[in-house]
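Participant: Kindly generate the corresponding structure for this input.
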Amino acid sequence: MSAIVTLEALDLAALLCSRLCHDLISPVGAVVNGLEVLEDDNDAETKTFALELIKKSARVASARLQFCRLAFGAAGSAGASIDLGDAETVARGFLEDEKSKLGWQLPRTLLPKNRVKLLLNLLIVAGQTIPRGGTLTAEPIGEGQTMGFRVRASGPNARIPQAVQPLLSGEPGQSIDAHAIQPFYTGLLARSCGLAVTFAAEGDAVVITAQ
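Facilitator: Numbers count the residues shown, from 1 in each chain. A predicted model of the protein is given here:
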């Protein structure tokens, strides 16, 4: 078996921080823009538009922060467990919009935090396989503390991005930058849980399995 790519702890932390900043800069920037419009424009209709922009962007930023706290953060002390109900709430806030819906078929139970973090990161990866939107469905494989996951992404032009599986597997020769760090980190989580991640194309869907 080929050696698995590793990163220095400082590099991993820096790249994950870059990823988080990428997710947050757009809604936070929109809030700033809206505030500037409120300060500089006296037109009532424009001010109303700016307020709606601020409210919507603040909700998006909050949803992304809550999701990232569970998906990338410490989320409690070492060995902590996370409620799958909480994971569902943050996943819906982060992933659902006009184009994408989430089907959550997992039981409400406590799981080791790295398994829950893995599930949330698998949902991000699955979302990348349906660029035009669609439905993400999360299902359990097995039960209890050793539960695995199946995530199905259904939508037009569903496809497996070329670099994602090698990044998840940590194959040598992959360029790991701020764009690639999320699937690479997903692979780290899977290996920490003793799970293997596989992809399969099924018609207009991509199925990702961690077991």
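
Participant: doesn't residue 135 fall inside a strand?
Facilitator: Yes - Residue 135 forms part of a strand when assessed by DSSP: H, G, I helix; E, B strand; the rest coil.

Participant: how many other residues sit next to it?
Facilitator: Burial of residue 135 is recorded as 14 neighbouring residues (other CB atoms under 10 Å). For glycine as for every other residue, the C-beta is placed from the backbone atoms N, C-alpha and C.

Participant: pretty sure it contacts residue 158?
Facilitator: No - between residue 135 and residue 158 no contact is recorded; they are 10.3 Å apart, counting by CB atoms under 8 Å.

Participant: so where does the closest residue to residue 137 other than its chain neighbours fall, helix or strand?
Facilitator: The shortest distance from residue 137 to any non-neighbouring residue, by CB to CB, 6 or more residues apart in numbering, is to residue 103 (3.8 Å). Assigned by DSSP states H and E, residue 103 falls within strand 100-104.

Participant: Now do the end-to-end distance for stretch 141-152.
Facilitator: For stretch 141-152, the first-to-last residue distance is 13 Å (CA to CA, to the nearest Å).

Participant: taking the mean pLDDT, what do you get for it?
Facilitator: Stretch 141-152 carries an average pLDDT of 95.

Participant: likewise stretch 181-190?
Facilitator: Stretch 181-190 shows an average pLDDT of 95 in the prediction.

Participant: and the helix or strand hosting residue 24, what other elements does it pack with?
Facilitator: Assigned by DSSP H and E, residue 24 belongs to helix 9-40. Contacts defined by 3 or more CB pairs under 8 Å, 6 or more residues apart in numbering; DSSP states H and E place helix 9-40 against helix 44-71, helix 181-192.

Participant: Beyond the strand holding residue 103, next helix or strand please.
Facilitator: Following strand 100-104 in sequence order, the next helix or strand is strand 110-112 (DSSP H and E).

Participant: contacting residues around the most centrally placed residue in the chain?
Facilitator: The centre of the chain sits closest to residue 124, judged by CA atoms, centre = their mean, with a distance of 3.3 Å. Each residue near residue 124 by CB atoms under 8 Å, 6 or more residues apart in numbering is listed here: 71, 182, 186.

Participant: Give me the neighbour count for the second one.
Facilitator: Which is residue 182. By other CB under 10 Å, 22 other residues sit near residue 182.

Participant: isn't it right up against residue 125?
Facilitator: Yes - if you go by CB under 8 Å, residue 182 and residue 125 touch, sitting 7.4 Å apart.

Participant: ok so, going back, ranking the helices and strands packed on helix 9-40 by mean neighbour count, which comes first?
Facilitator: helix 181-192 (a mean of 22; mean count of other CB atoms under 10 Å).

Participant: Now that helix - C-alpha only, PDB.
Facilitator: Taking Å, rounded to 0.1, in the frame of the first residue of the first chain, the C-alpha atoms of helix 181-192 are listed here in PDB:
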ATOM      1  CA  ILE A 181      -8.100  20.800   2.400                       C
ATOM      2  CA  GLN A 182     -11.800  19.900   3.100                       C
ATOM      3  CA  PRO A 183     -11.800  16.500   1.300                       C
ATOM      4  CA  PHE A 184      -8.300  15.800   2.700                       C
ATOM      5  CA  TYR A 185      -9.600  16.600   6.200                       C
ATOM      6  CA  THR A 186     -12.600  14.300   5.600                       C
ATOM      7  CA  GLY A 187     -10.200  11.500   4.900                       C
ATOM      8  CA  LEU A 188      -8.300  12.200   8.100                       C
ATOM      9  CA  LEU A 189     -11.600  11.900  10.000                       C
ATOM     10  CA  ALA A 190     -12.600   8.700   8.300                       C
ATOM     11  CA  ARG A 191      -9.200   7.100   9.200                       C
ATOM     12  CA  SER A 192      -9.400   8.300  12.800                       C
END
